[in-house]
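Undergrad: Take this sequence and fold it.
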Amino acid sequence: MDYKFVFSVLCLTTLYQLCYGLQNRKQRTSNDDFVISITTDGTYSINIHGKSWLNSAPTFFNANNKTYSAADKTLNLTSTSATSGTDKLGQWQSTSFDYVINDAGKTRFTAVIKTYPSLPVIIFQQVYTDGAKWTQGKTYEDLCGGFPGFQLEGPPGLLGFLSFGGLMFGDTSKKIGLWSNATYRLNDGITGGPLALFDSDGRTLVLSPFNNFMSASFLHDAGIGGNYYGGIMGGVSSVPMGYTQEFILYYDTGINKAFEGWGKLMRTFYGKDPARQQEDMTIKYLGYYTDNGAYYYYNTEKNKTYEQTMLDVRTYANNKTIPYKYVQYDSWWYYKGVDDGVKTWERFPYDGASDTTYAKQNGGTYDFIVEKSKALPVTKKFWDDLFNEAKKWGLVMYEQDWLNVEFSGVQALLHNLTLGTTWLDQMATAADDAGIFIQYCMANPRHAMQALMYPRVTQGRVSNDYSPGDGQWSIGISSIFATALGIAPFKDTFWTTETQPGNIYKRTEPNWKLNMVVSTLSTGPVGPSDMVGATNVSMLMKCCRSDGVILKPQFPIRAIDAQILQAAFNDVDGPDGEAWLSYTQVGGLRFADILVLNLKSPYTLYPRDTGIYDNVGLTDLYAVPYDDPFGWVTFSSLYGLQFDSRFTPSRIAFYHVSQAIPGWFETAILGELDKWAPMSPQRVTSLTWTSSTVTSELVGAPFEQFDFWYILGSKQNAVTCKLGATGAATFMLDNDLGIATCKP
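TA: Numbers count the residues shown, from 1 in each chain. Okay, the predicted model is just below:
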């Protein structure tokens, strides 16, 4: 008899078996809005806020070059059981479905659903109880087995989706649309990534792999509609006994909040600490870049060598007091092999050619897998020797470029269940031993998520290569994903002036100001790439202190929820363009930076749209245009910020928002308005107040001087701060005297 059973995560362990088997009950997570219903026939459904969002698709399993499915009973459900326990996430309760393949030697496959009474989380597990051979699907984009699986059903309108895919942390193929039986091709396969589902009120589910990131995949099994599954990537030919692949479904209200909560849980589970970014000098300090889009990318000064050109860059920077602390060398300097892969080099990036001189097959000393055009090192000693030797030349950060091409181009990575993890493990462990940091470039989402395992993978490219004048700056959505993983989003290089004569691209850069703003507020590296003599020094220095320390927000700039909702539904009150926000919290108050552009129609942004000012009064927020310190306006539920199509990449709308000092009449600290991030934690380390004074501790380079702005009793002014020999000063606002001071 097929009876329906459900159970509540509120049941104590001792009562759990009593809950099991009761009809018409719901299995809940820590959030009562997030419920999963399970029946003994192996089906399940997800309900959010009392509405059905997802119904299960039939579980399937590949073995012996054949697909076995619960739909046609070739995958036989033999038993259903319930249990409970505790793991790293906390107390859990689970339901297990045990399947058997009768014509494959009674091979067992188990599907498990776990919930946690303290978390808005469901974990789905595939357990290859007996292991399996010849598990590969029809293509690499297929799966070895499908669980969880969900139907794409119903008319458009109830749910929207955000699907990450492609390279650059899933940026290049990301999709936003409506989830329905008319949905065409969600991102899946070896380039697919996490999926977010949301309603028009912002209630959001995030679905992603929870372990074994390099071998996990998704499958959308029809061009239109169809089912959406998680599983092991379809090229894997065998799976060992007891192997477990897990997926996580996380719930919260708000798209950004859901990704933040999901990311925090993932980082906590795997020990990823975003604070390690501040140890990476290429994130902390201003640098100079020579990669694609740079003036000196495969290009030198006329009649000069590369060495002479780079020395001229340094001389120019010193003469103009530009505080570059490092230089990035791209692929122009090393010897190329087959398909322009690395053949012989002494210092940096690795996308190995099959004729690499370091492989034993080519007379070298290291173990490599060598295929037709690609090669892959398979020993940690290779990375140890590389990094230790390179440190002698001053290497501080290693950019692993071409991750997507290496992964898809080495067949062994697609067929072997664990080789991809071994490859990145060896690289990251060697970097840790050597004390250097790693940037992931051209990373698929699987590489991005694998970075959760590595403390020294601190940064990742989140948009295509820079090209003067294009839209490469648009990182608002991909930054949501990278930030959640504890990775500093990197926009890539940029020019600081519109015209750079003699450039190899034969282009101009009308959006130079936008590129500087986005780079600074991304919290990733800031690395211009101008020709000698063409840097807008005063504008560039708005990104940093005089010692080169980048003044950045505490939380990176990202698209607001309303932008994504509007892109999906088209009929919500959101911007039909770009609307991004970053912020810093100091003294319990929040200071935001808002960037809006490329709107197709007028849009008014209110505090509630920011996601960080939920409960503010009518006089609690002040917005200052970046180019007009005296043009501040009240920002409230009555007086929003108005934007229209006049604001373009070359004419940005950019505001700094300050939260008023509690208990004071129309008083706020605005900060160093001469910078792109006026209230950066690299400048403002504390903010306290009494009934009569407001005090802020400021830091910077020794004897550095700048103006610090404030509003006192609705009047705006600034005081000049000169830091002492220790690089510190104290700003004080005195309400009784009506003055401000700043003293070392």
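Undergrad: Domains of this structure: list them as residue ranges, please.
TA: Listed by automatic domain parsing, the domain ranges of the chain are 4-270, 274-555, 556-743.
Undergrad: Comparing those domains by mean pLDDT, which bottoms out?
TA: Among the domains of the chain, domain 4-270 has the lowest mean pLDDT, at a mean of 88.
Undergrad: How far away from the center of its chain is that domain?
TA: The chain centre lies 22 Å from the centre of domain 4-270; the measure is Cα atoms, centre = their mean, to the nearest Å.
Undergrad: what residues are up against the nearest residue to Ile438 once chain neighbours are set aside?
TA: Leaving aside its chain neighbours, Ile438 sits nearest to Val457 (4.6 Å; criterion: Cβ to Cβ, 6 or more residues apart in numbering). Every C-beta, even on glycine, is put in place using the N, C-alpha and C of the backbone. By Cβ atoms under 8 Å, 6 or more residues apart in numbering, the contact set of Val457 is Ala428, Phe437, Ile438, Gln439, Tyr440, Ala451, Ile487.
Undergrad: Name whatever forms a beta bridge with the third one.
TA: Pointing back at Ile438 there. For Ile438, the beta-bridge partners under DSSP bridges are Tyr398, Val457.
Undergrad: residue contacts, it?
TA: Met397, Tyr398, Glu399, Gln400, Met427, Ala428, Ala431, Tyr454, Arg456, Val457, Thr458.
Undergrad: do Tyr128 as well
TA: Applying Cβ under 8 Å, 6+ apart, we find Tyr128 in contact with Phe109, Gly145, Val239, Pro240, Met241, Gly242, Tyr243, Thr244.
Undergrad: With adjacent residues omitted, what lies nearest to the fourth one?
TA: To tie it back to what came earlier, the one meant is Pro240. For Pro240, ignoring the flanking residues on the chain, the nearest one in space by Cβ to Cβ, 6+ apart is Gly131 at 5.0 Å.
Undergrad: ok, the one you found - how many residues close by?
TA: Gly131 is flanked by 16 other residues according to other Cβ atoms under 10 Å.
Undergrad: Distance check, it against Gly242.
TA: Here the criterion is Cβ to Cβ, to the nearest Å. By it, Gly131 lies 7 Å from Gly242.
Undergrad: hmm, back to that, most surrounded residue in the contacts of Val457?
TA: Ranked by neighbour count (other Cβ under 10 Å), the contacts of Val457 have Ile487 at the top, with 30 neighbours.
Undergrad: can you list the contacts of Val457 in CSV and add distance to Val100?
TA: Output for these, formatted as CSV (distance: Cβ to Cβ, whole Å):
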residue, distance to Val100
Ala428, 39
Phe437, 48
Ile438, 44
Gln439, 47
Tyr440, 41
Ala451, 38
Ile487, 42
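Undergrad: Glu301: which of these is nearest?
TA: Nearest to Glu301 out of the contacts of Val457 is Gln439 (Cβ to Cβ; 27.0 Å).
Undergrad: Provide the contact partners of the helix or strand harbouring Phe654 at residue level.
TA: Counting by DSSP states H and E, the element that carries Phe654 is strand 653-659. Contact partners of strand 653-659, identified using Cβ under 8 Å, 6+ apart, comprise 517, 589-597, 610, 613, 616, 620-627, 635, 641, 643, 647, 668-671, 673, 678-679, 711.
Undergrad: Whichever of these end up buried, select them in ChimeraX.
TA: Paste this into ChimeraX to select the buried members of the contacts of strand 653-659, with burial taken from 16 or more other Cβ atoms under 10 Å:
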select :517,589,590,591,592,593,594,595,596,597,610,613,616,620,621,622,623,624,625,626,635,641,643,647,668,669,670,671,673,678,679,711
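Undergrad: Strands of the stretch 251-400 of the chain, start to end?
TA: Using DSSP state E, counting those that start in this stretch, the strands of the stretch 251-400 of the chain run over residues 288-289, 327-328, 335-336, 342-344, 368-370, 375-377, 397-400.
Undergrad: what comes into contact with the fifth one?
TA: By that I understand strand 368-370. Contact partners of strand 368-370, identified using Cβ under 8 Å, 6+ apart, comprise 352, 354, 356, 358-362, 375-378, 382, 410, 412, 419.
Undergrad: gap between that strand and the chain center?
TA: For strand 368-370, the distance from its own C-alpha centre to the chain's C-alpha centre is 31 Å (Cα atoms, centre = their mean).
Undergrad: partners of it in the sheet?
TA: Strand 368-370 has these strand partners (DSSP bridges): strand 375-377 (antiparallel).
Undergrad: could you list every residue that touches the residue most central in space within the chain?
TA: The centroid of the chain falls nearest to Ala482 when counting by Cα atoms, centre = their mean (1.0 Å). Applying Cβ under 8 Å, 6+ apart to Ala482 gives the contacts Phe169, Ala448, Gly460, Val462, Ala488, Pro489, Pro556.
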